[in-house]
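Enquirer: A structural model of the following input is requested.
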Amino acid sequence: RAVALRKLGRNGEALDDCRVALLLDGGYAKAALTGATVACQLGLFSEAASLYTAYIALSPEPQQGVGGDLERVKQLASDVKKAQELRESAPDRALACMRSAAAEAPDSAVVRLLEADIL
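Expert: Residues are numbered from 1 along each chain as shown. Take a look at the predicted model:
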């Protein structure tokens with residue numbers, strides 16, 4: 001169901017579905033992978049990193065490229081955290097940190113709100 005919701009652009013609902021599926025069955029690797037993908041699209045990079053990590057731990061043969069996705073979202077989470085730390089003292093640097101997050105999740109309300117807060 002989460003995949004169908006994601007394809008319909010209902011990413012928040014898709015992520016909620018993945019969270020519930022993982023609560024009901026902590027070994028459901030596909031829910032972790034779908035949740036990670038959707039969390040990234042929503043700009044929830046720390047949650048995406050946690051879900052990618054769970055997927056890798058749960059899957060006997062993780063899909064190729066997931067390790068790279070994990071590293072990418074960890075870097076994005078770090079960039080967002082750095083932007084939050086810099087927003088008062090160095091807003092130009094904070095916005096520079098947000099560029100990669102905005103490119104990765106262009107429709108993310110989370111990313112847009114942080115950008116607006118920096119401005």
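Enquirer: How about the least confident helix or strand in the chain by mean pLDDT, which residues are buried there?
Expert: Least confident helix or strand of the chain, by mean pLDDT, DSSP states H and E, is helix 2-7 with a mean of 88. Neighbour-count burial for helix 2-7, with 16 or more other Cβ atoms under 10 Å as criterion, is recorded at 2, 5-6. (Glycine included, C-beta is placed from N, CA and C.)
Enquirer: same question, stretch 17-29
Expert: 17-19, 21-22, 28-29.
Enquirer: Now do it: everything it contacts.
Expert: Applying Cβ atoms under 8 Å, 6 or more residues apart in numbering, the contact partners of stretch 17-29 are 1-2, 5, 31-32, 34-35, 38, 51, 54-55, 58-59.
Enquirer: Scan those residues and report the most crowded one.
Expert: The most neighbours of any of the contacts of stretch 17-29, using other Cβ atoms under 10 Å, belong to Gly35, which has 29 neighbours.
Enquirer: Could you look up the SS state of that residue?
Expert: Following DSSP: H, G, I helix; E, B strand; the rest coil, the label given to Gly35 is helix.
Enquirer: Leaving out chain neighbours, which residue sits closest to it?
Expert: Nearest residue to Gly35 in three dimensions, chain neighbours excluded: Cys18, at 3.2 Å (Cβ to Cβ, 6 or more residues apart in numbering).
Enquirer: what's the answer for Lys74, then?
Expert: Ala49 (5.0 Å).
Enquirer: Would you confirm that the one you found contacts Asp69?
Expert: No. The criterion here is Cβ atoms under 8 Å, and Ala49 misses it with Asp69 at 9.3 Å.
Enquirer: More neighbours: those two, which one.
Expert: Ala49 (23 against 20).
Enquirer: Identify the residues contacting the more buried one.
Expert: Ala49 touches 36, 70, 73-74, 77, counting by Cβ under 8 Å, 6+ apart.
Enquirer: Take those and keep only those in helices.
Expert: 36, 70, 73-74, 77 (DSSP state H).
Enquirer: Nearest residue to the middle of the protein?
Expert: Centroid-nearest residue in the chain: Cys40, 2.5 Å away (criterion: Cα atoms, centre = their mean).
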